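>>> Here is my input, please return the structure:
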Amino acid sequence: MATASSSRSSSSRSSSSRTPWHLWLVGLIGIPWNGFGVFDYVGTKLRGEAHLREFGLTDPQIAYMAAMPAWMTAAWAIGVFGGLIGAILLLMRNKLAVPVFALSLAAFLASLFYSYFLSDGAQLMGPTAAIMNAVIFTGCLFFLLYARAMANKGVLR
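A predicted model of the protein is given here:
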């Protein structure tokens, strides 16, 4: 009788921690989603103006990007690399995905604070950037909430 009980308990634990199909979908979408942010960051840092011109930025927008303070550059790096690392951790079913996604979101919020309150970035970059920021915020929040839900269900270890 004790064997059947412990067998049921072990079975319910393993079924609750099985990897659901949607984790693979979210993780595999998270790699290119966050990978594009890394690509943009690295391209901007290595190729500078040439990279930014490929994306259609104007001279004043390029000057704004070049004048970004070091703490803002660090926030950008933490945000994009954190998102990519979070997606990899999610695919590895590692519960560290939750704080890494939270850090990525916090870094993105710091960049929004800089753009909207500490500089003229929001005005300079225009309405397209505002739409992009809303999409990025939604993505960051989704990945964080999804990872937290998977950790709470015991899927992430």
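>>> in this structure, what spans have low per-residue confidence?
1-17 (pLDDT under 70).
>>> Just want the most central residue of it.
For the chain, G83 is the residue whose C-alpha lies nearest the centre (Cα atoms, centre = their mean; 2.8 Å).
>>> Can you give me the separation between that residue and I29?
Per Cβ to Cβ, to the nearest Å, G83 is found 12 Å from I29. No exception for glycine: its C-beta is placed from N, CA and C like everyone else's.
>>> Would you map the helices across this protein?
2-16, 21-47, 49-54, 59-66, 70-91, 97-113, 121-125, 127-152 (DSSP state H).
>>> okay, now the nearest residue to E49 once chain neighbours are set aside: neighbour count?
In space, and not counting its chain neighbours, E49 is closest to I62: 5.5 Å by Cβ to Cβ, 6 or more residues apart in numbering. When neighbours are defined as other Cβ atoms under 10 Å, I62 has 16 of them.
>>> tell me the contacts of I62?
Contacts for I62 (Cβ atoms under 8 Å, 6 or more residues apart in numbering) come out as 49, 52-53.
>>> before we move on, the earlier item: quick check: the residue nearest to the centre of the chain vs E49, distance?
25 Å.
>>> Also N94?
N94 is 38 Å from E49, by Cβ to Cβ.
>>> Please identify the buried residues of stretch 34-44?
34, 37-38, 41, 44 (16 or more other Cβ atoms under 10 Å).
>>> Mind listing what's buried along stretch 118-129?
Across stretch 118-129, burial judged by 16+ other Cβ under 10 Å covers 119, 121-122, 124-125, 129.
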